[in-house]
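[1] Give the three-dimensional model of this entry:
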Amino acid sequence: MSRSLRAYKRWMKSHGFVYSDALEFVDSIDSGISVRALCDLKEGDLVATIPKSSCLTIRTSGISSVIEDAGLGGFLGLAMALMYERSLGAASPWEGYLQLLPERECVPLVWSLEEVDKLLVGTELHKIIIEDKKFLYEDWKE
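    Here you go, the predicted model:
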């Protein structure tokens with residue numbers, strides 16, 4: 001088990017997370033941290049309990065008042081909260097969680113328009129990404 005996964009498990013425990021022995025945390029160089037069921041699970045099986053106060057949201061971030069005063073919500077507000085908490089490093093209450101997140105994620109939303117047109121043309125996702133990029137640009141202008 002990697003040092004970052006051990007730190008994350010300590011962080012979860014200190015923040016009141018409880019998870020089933022039926023779960024295994026896997027740390028892979030190729031795909032990062034993942035959670036795998038060790039047995040068949042049925043609908044309704046309780047696999048984890050996560051306190052709301054331990055979830056990084058616009059309201060729980062240390063910059064919540066600034067985000068709310070600016071009228072930011074949704075992905076934009078959450079992005080601001082995430083950037084702020086990351087900027088705090090070890091001083092952030094979510095440091096144990098944040099250290100597991102990749103520095104960047106290669107998702108279609110952050111691809112160039114040329115990449116979107118080349119790789120997604122003819123798919124429903126192409127239309128959605130183009131529309132989302134327009135919304136992001138409008139948010140940026142605002």
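
[2] end to end, how far does stretch 23-34 reach?
    For stretch 23-34, the first-to-last residue distance is 10 Å (Cα to Cα, to the nearest Å).

[3] What lies in contact with it?
    The contact list for stretch 23-34, computed with Cβ atoms under 8 Å, 6 or more residues apart in numbering, reads 1-2, 4-5, 8-9, 35-38, 47-48, 100, 102. Any C-beta I mention is one placed from the backbone N, CA and C, and that applies to glycine too.

[4] which of those has the most neighbours?
    Tyr8 (21 neighbours; other Cβ atoms under 10 Å).

[5] Okay, buried residues for stretch 126-141 please.
    129, 133 (16 or more other Cβ atoms under 10 Å).

[6] Distance check, Arg36 against Glu105.
    21 Å (Cβ to Cβ, to the nearest Å).

[7] Hmm, I typed the wrong one, I wanted Ile130.
    Taken as Cβ to Cβ, the span from Ile130 to Glu105 is 19 Å.

[8] And the contacts of stretch 23-34, which two are furthest apart?
    Leu38 and Pro102 (25.6 Å; Cβ to Cβ).

[9] how's the chain carved up into domains?
    1-50, 55-103, 105-142 (automatic domain parsing).

[10] Give me whichever of those is most buried.
    Compared across the domains of the chain, domain 55-103 shows the largest average neighbour count, a mean of 15 (mean count of other Cβ atoms under 10 Å).
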